[in-house]
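got a sequence here, can you model it:
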Amino acid sequence: MSNNYTSFLKLHKTSILLGIGSLLFYFAFAYDLVRDDFPKLLTLFVALFFLHYKLVQFQSWNLKFLLVIGILFRFVFIFAEPNLSQDFYRFIWDGELIWAGYNPYIHIPNDLMQQPDFAIPNQAELYNGMGSLSAKHFSNYPPINQILFSIAVFFGGGSILGSIVAMRTLILCTDIGILFFGQKLLQQFNLPKHAAFWYFLNPLVIIELTGNLHFEGVMLFFFIWSMYLISKGKWILASPIYAASIMVKLVPILFLPLFLRYFGIKRSALFYTFVGLVCILLFLPFHDVAFVNNYAETIGLWFSNFEFNAGIYNGLKQIAVGLFDAKPWELIKVYGSWVVRITILGTLLIALLRKNETLDQVMLSMLMVLTGYYLLSTTVHPWYLVFLIALACFTKYRFAILWSLLVILSYYAYSKADYSENLWLLAIEYLMVFAYLIYEIVGKDRKKLDFFKKYMPF
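Alright, predicted model coming up:
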């Protein structure tokens, strides 16, 4: 037994040291970091990114080792309060509203706090914690999210920390589910199973999902599960699961046209019908006369009011404001409406003009559509890239992994009292992403960009 133990330590010595180093950095990230300390945040994240790359590189043959350390990294955060996002306060607020009999889609926190008979556990702390922006809007989280919020609140027993632990446990379990079905799907595509660990060990995934409690991982769990079922020919069974993915986050609805050539017209129509019916059924418990307008208005704000870590939009805004004296608040509304049109048109063109006859081709089309949307979007929060990272694992492209490192530059804004962004840092982020994307599209065939291959070996 001791000989086996000694042999194991010798065989994995370097990887064990890398894992221990990562655990220490994750602990510092979880319990000894405030988000306005940008130099420390950047240093910890870059170190974790380097270590995760080396771990996958050294242990690509030992998937059990990678699974165990990936779970351990997530367990570090189990009792930590999220320190890069305050969204969790709104999650718990919505969950408490449901248990108190309120509909989160028709009640604004600001209005509820004015009602003398309104009472939910920890209401003052939740209200103050969610911030003024969230407090003046209706909830924009789809029904499955709301159900999960209420479940977390139930198991939290009236405690904010208890609800955090419950949400974190759920997100951790769904990440394991993503790995499970992701590896099965990779096998279906004849791709190496270790590619799934570019997702599972990615620091952005661990920090933004398990750490900061964003539910992109739950959405991805249902999405990858449904894609695996589709790969096995069980598309009818996959339809309600795909609908559940949409009802966690709306993003997968964007990909529905891409199934047209893969399924054919008849099966596509049936698949869309089943998905649509399940979505409608999930919304029914929350339906109200004011619901449709409130929800549409809240979703519309993302295209016409909010901006953060934008790529192409920031460049156009500088030109429009500097040269043509455009008004930023008017520009974003016009630009946002065009982003919707361009994204829909681009998706339809990719759906109709690309082959999309095999599922791996469909997933590459999904990567193309989502990449285009994020490059055009006015708001790209770091956790949005989690979907791109997952999709990239099923293709030959790795620019999303590089982007998952560079996106941390956007957190510079939180080091400023007015949350002002540094456009030079955003320019570095997007120029490097564009450069590596171009290299992956044309450079590998021409062998003219060896610099990228040497210094960005993803």
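
okay, CA-based contacts and neighbour counts for the rest of this
OK.

got any ranges where the stretch 201-350 of the chain has weak pLDDT?
289, 295, 298, 300-304 (pLDDT under 70).

which stretches of it form helices?
For the stretch 201-350 of the chain, the helices defined by DSSP state H, counting those that start in this stretch cover 203-205, 216-231, 235-246, 260-263, 265-283, 291-304, 312-324, 328-353.

out of the ones you listed, deepest packed?
Most buried of these by mean neighbour count (mean count of other Cα atoms under 10 Å) is helix 203-205; its value is a mean of 27.

and that helix, what does it pack against?
Counting contacts by 3 or more Cα pairs under 8 Å, 6 or more residues apart in numbering; DSSP states H and E, helix 203-205 is packed against helix 38-59.

now the helices of the stretch 201-350 of the chain as CSV including distance to F75?
Shown next, in CSV, are the helices of the stretch 201-350 of the chain (distance: least, Cα to Cα, whole Å):
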stretch, distance to F75
helix 203-205, 14
helix 216-231, 16
helix 235-246, 25
helix 260-263, 40
helix 265-283, 32
helix 291-304, 33
helix 312-324, 37
helix 328-353, 38
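
of those helices, which is nearest L391?
Among those, helix 216-231 comes nearest to L391, with 9.3 Å by Cα to Cα.

then that closest one to CSV, C-alphas only?
What follows is helix 216-231, C-alpha atoms only, in CSV (Å, rounded to 0.1, in the frame of the first residue of the first chain):
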residue,chain,number,x,y,z
GLU,A,216,-25.2,29.7,-16.8
GLY,A,217,-23.9,26.3,-15.6
VAL,A,218,-27.5,25.1,-14.9
MET,A,219,-28.5,26.3,-18.4
LEU,A,220,-25.5,24.5,-19.9
PHE,A,221,-26.4,21.3,-18.0
PHE,A,222,-29.8,21.1,-19.6
PHE,A,223,-28.4,22.2,-23.0
ILE,A,224,-25.5,19.6,-23.1
TRP,A,225,-27.8,16.9,-21.8
SER,A,226,-30.3,17.7,-24.6
MET,A,227,-27.6,17.8,-27.3
TYR,A,228,-26.4,14.3,-26.1
LEU,A,229,-29.9,12.9,-26.4
ILE,A,230,-30.2,14.4,-29.9
SER,A,231,-26.9,12.8,-30.8
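
list the contacts of that helix.
If you take Cα atoms under 8 Å, 6 or more residues apart in numbering as the criterion, helix 216-231 is touched by 171, 174-175, 177-178, 181-182, 184-185, 188, 209, 235, 237-239, 241-242, 244-249, 252, 359, 383-384, 386-387.

now that helix and helix 235-246, what's the angle there?
Counting by axes from the mean of the first three to the mean of the last three Cα atoms, to 10 degrees, helix 216-231 points 170 degrees away from the direction of helix 235-246.

how distant is helix 216-231 from the center of its chain?
Relative to the chain's own centre, helix 216-231 is displaced by 13 Å; criterion: Cα atoms, centre = their mean, to the nearest Å.

stretch 242-254 too?
A distance of 12 Å separates the centroid of the chain from that of stretch 242-254, by Cα atoms, centre = their mean.

next, the distance between the ends of it.
12 Å (Cα to Cα, to the nearest Å).

of all the helices of the stretch 201-350 of the chain, which lies closest to V407?
V407 sits nearest to helix 203-205 of all the helices of the stretch 201-350 of the chain, at 9.0 Å, using Cα to Cα.
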